[in-house]
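[1] mind folding the following:
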Amino acid sequence: MPKFLVQRWHGMHIVWALVLIFMMTVVLAWYQWLLGLLGLMLGGIVAVYGIMAEKAFRKDLDDYVLTLSYRIKSVGNDVISHLPIGIVIFDEDNEIQWHNGFISTVVGKSSIVGESLHTSFPVLQPAGKDKEPGNEITINGRVYELQLKMSERVLYVVDITDRSTLKKRYEEEKLALGIVMMDNLEEVAQGMDEQQRALMLSKVTGEINEWALKYGLLLRRLSSDRYMVITKQGTLKALEQSRFELLDDVREITIEQKLPMTLSIGFASGSDDVNELGHLVQGSLDIALGRGGDQAVVKFGQRQSFYGGKSNAVEKRTRVRARVIAHALRDLMKESDNIIVMGHKQPDMDAIGAAIGVLKAAQLYGREAYIVLEGVNPSIQRMMDMLKEDEKLTKRFVSPEQALNLISKRSLAVVVDTHRATMVAEPRLLQATERIVIVDHHRRSEEFIDDAVLVYMEPYASSTCELVTELLQYIHERVVLDMREATALLAGITVDTKSFAFRTGSRTFEAASFLRRNGADSALIQRMLKEDLDEYIRKAELIRHAETFRNCIAIAAADSGKQVPQLLIAQAADTLLNMTGIKASFVIGTRPDGLVGISARSLGQINVQIVMERLGGGGHFTNAAAQMQGTISEVAGKLKQVLEELEKEEGLFE
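    Next up is the predicted model:
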């Protein structure tokens, strides 16, 4: 027991003794004053002793407190110095004034006093405007969490290496599912005997198995042309870093075939729900197929990435799908109150022609149908002048406001020549009905109209008019087109194929033949496609600004102060593609709506779709476009940057 506590105990006894002596003195004084005086003297002696004891107690207490404070301070300093947590104190100028010993271990220096806080811990410096500073830093292979208290001007540094390693391991070991599918097995195998077919399949299967062994994938065959892949999220990241070289390997080993074999790969990860993961991986594969195949699509949480896409879509030689879609569309039309058809904003001849084809299909079954059109742009002016000669057909064109009044939950909305909700003529129409059909020939992009009851997307097709023409042949037993209807459909095909020079297959000419038999006037189409002299001069002025990039790409940018119609931008890109040595062309100009438009064209050696997707647009392998905010010079700089990135990532110019 401490000495001062013993003294306190004695002091308490002295107090009680004084009380007792005082009481006895009072009693004795009552009977004998001499004894009372003696008792008073004894009480005085005891009181003096008590006062001395109290002084000794207080002195010992002060000494004890001082000793204890010193010990606590010493222990506190020792604890702070040896804590597995770093403490840094800094001043108003972010200059370090003091830190404990743990910080010396972290930075590998005996002292960083006097240094700037942002110099020693760079992540505390905001990365840019409106960006928060980081709170994790890696030093000498260790991961530390930084907790900044600006009000106290204190920084705490906590070692979270073990936690970070465990978290990383957990993320890497999450389940990832994939599907590998042979795109064009039937097309490639046509004309082969059983031995040749088996040999080709053996090569492709062997390549897929070697790929699975290389990355440690669990591979299981689902059908003759489809495989299921089970792996970890960390392995999926490695596959993304390799950019799915399996796509190129399979294409190269079958290059001697008339049609080389291509694969489509869909992967999904980032969800703990296996059922949801299954839906995501099927959706990824559908997107890969919708974009023309020969590519991989990875759905990783909210991120969607595309790899490959170096070959054009292969034309399907069977019309079974066209017949099935036509019958499904026929049944939907019969069950609908009315049909509302719309294309994309600023429609071209392909969108208008396809809409007229769908309108004709609805009329064959006695259903009221309307085409949504907001204004007439120069690219369809001559076509609309031709259609105005037919009063009944002209009445079927309505404005977006009129269409909103006509549509109901039982209406059928048919979207042609686009599959992006933000690109349709009136997005509100998609919210007004639960019955939506998509007919499109563009490669599928990340943005897609949700909940469509019927989707007919064929990237191999030359145009949406080609797809609609095939549907018309199966949707009714006897289809008789008016001359203007047939001409509008043929005009859409003619424009998108550049007068049958690009993106044409055997089915393109079959569709054109059907339209010609129904009275399509090709001479009228040529008159619609004629250019004005002023437009030709403006196009030549635009082309005059062209420069070559990497010796095979032409980039033309209009003057920043001039507005250029989108049609003129597209025509200039088509013209540049005819120049010797040019594999792809990009034309940039400020459109009348204030956006900067880019039209991209290629001869098939360069996939301009992935270039435009990086800039927020989309399109085809050989024909794509984008619109964005900014100046001409800024957009041109972004375009060149994207081209450089794609060259490093995928060898775009090879």
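[2] can we go C-alpha only for contacts and neighbour counts from here?
    Fine.
[3] residue 254 contacts residue 263, correct?
    No. At 11.5 Å, residue 254 does not count as touching residue 263 under the criterion of Cα atoms under 8 Å.
[4] who has more neighbours, these two?
    In terms of neighbours (other Cα atoms under 10 Å), residue 263 is the more surrounded of residue 254 and residue 263; the figures are 25 against 18.
[5] contacts only, for that one.
    By Cα atoms under 8 Å, 6 or more residues apart in numbering, the contact list for residue 263 reads 180, 181, 182, 183, 247, 250, 293, 294, 295.
[6] off-centre distance for the strand or helix carrying the second one?
    In this assignment (DSSP states H and E), residue 181 forms part of strand 175-182. Distance of strand 175-182 from the chain centroid (Cα atoms, centre = their mean, to the nearest Å) equals 20 Å.
[7] do the same with stretch 560-579
    For stretch 560-579, the distance to the chain centre is 30 Å (Cα atoms, centre = their mean).
[8] how long is it end to end?
    25 Å (Cα to Cα, to the nearest Å).
[9] cool, stretch 411-424 as well?
    Stretch 411-424 end-to-end distance (Cα to Cα) = 17 Å.
[10] and stretch 283-296, by the same measure?
    End-to-end distance (Cα to Cα), stretch 283-296: 12 Å.
[11] show the average pLDDT along it.
    Averaged over stretch 283-296, pLDDT sits at 82.
[12] and stretch 148-161, by the same measure?
    On average, stretch 148-161 scores 87.
[13] flag every buried residue along it.
    154, 155, 156, 157, 158, 159, 160 (16 or more other Cα atoms under 10 Å).
[14] which of the residues you listed fall in strands?
    If you go by DSSP state E, the buried residues of stretch 148-161 have 154, 155, 156, 157, 158, 159 in strands.
[15] my guess is the fourth one meets residue 86, correct?
    Yes. Taking Cα under 8 Å as the definition, residue 157 is a contact partner of residue 86 at 4.5 Å.
[16] what sits in contact with each of those two?
    residue 103.
[17] mind listing residues that contact the strand holding residue 181?
    Residues from elsewhere that reach strand 175-182, judged by Cα under 8 Å, 6+ apart: 225-233, 236, 261-270, 272, 277-278, 281-282, 285.
[18] show me which of those are buried.
    Among those, the ones that count as buried by 16+ other Cα under 10 Å are 225-233, 236, 261-270, 277-278, 281-282, 285.
[19] sort out for me which of those residues are in strands.
    226-232, 263-269.
[20] low-confidence stretches in the stretch 401-550 of the chain?
    Along the stretch 401-550 of the chain, the model assigns pLDDT under 70 to no residue.
[21] which residue ranges of the stretch 451-600 of the chain form strands?
    Counting by DSSP state E, counting those that start in this stretch, the stretch 451-600 of the chain has strands at residues 454-457, 547-549, 553-557, 584-590, 596-602.
[22] residues in contact with the spatially closest residue to residue 283 that is not a sequence neighbour?
    In this structure, residue 283 finds its nearest non-sequential neighbour in residue 266, 7.7 Å apart by Cα to Cα, 6 or more residues apart in numbering. Contact partners of residue 266, counting by Cα under 8 Å, 6+ apart, are 178-180, 281-286, 288, 296-298.
[23] who does residue 266 form a beta bridge with?
    residue 179, residue 297 (DSSP bridges).
[24] tell me where the stretch 301-450 of the chain has helices.
    320-334, 349-364, 381-387, 391-394, 400-406, 428-432 (DSSP state H, counting those that start in this stretch).
[25] among those, which is the most enclosed?
    helix 349-364 (a mean of 25; mean count of other Cα atoms under 10 Å).
[26] average pLDDT across that helix?
    The model assigns helix 349-364 a mean pLDDT of 94.
[27] stretch 210-228 now?
    93.
[28] buried ones in that stretch?
    211, 212, 217, 219, 225, 226, 227, 228.
[29] surely the fifth one touches residue 186?
    Put plainly, it is residue 225. No. Residue 225 lies out of contact with residue 186 (Cα under 8 Å); the separation is 9.6 Å.
[30] domain map for the chain?
    Following automatic domain parsing, one finds the domains of the chain at 3-81, 85-164, 184-308, 320-528, 535-650.
[31] got the CA positions of the strand holding residue 181 in CSV?
    Only the C-alpha atoms of strand 175-182 are listed here, as CSV (Å, rounded to 0.1, in the frame of the first residue of the first chain):
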residue,chain,number,x,y,z
LEU,A,175,-16.9,-16.7,-59.9
ALA,A,176,-16.8,-15.8,-63.6
LEU,A,177,-18.8,-17.5,-66.3
GLY,A,178,-18.3,-17.5,-70.1
ILE,A,179,-19.7,-19.0,-73.3
VAL,A,180,-17.6,-19.6,-76.4
MET,A,181,-19.6,-20.1,-79.6
MET,A,182,-18.6,-20.8,-83.2
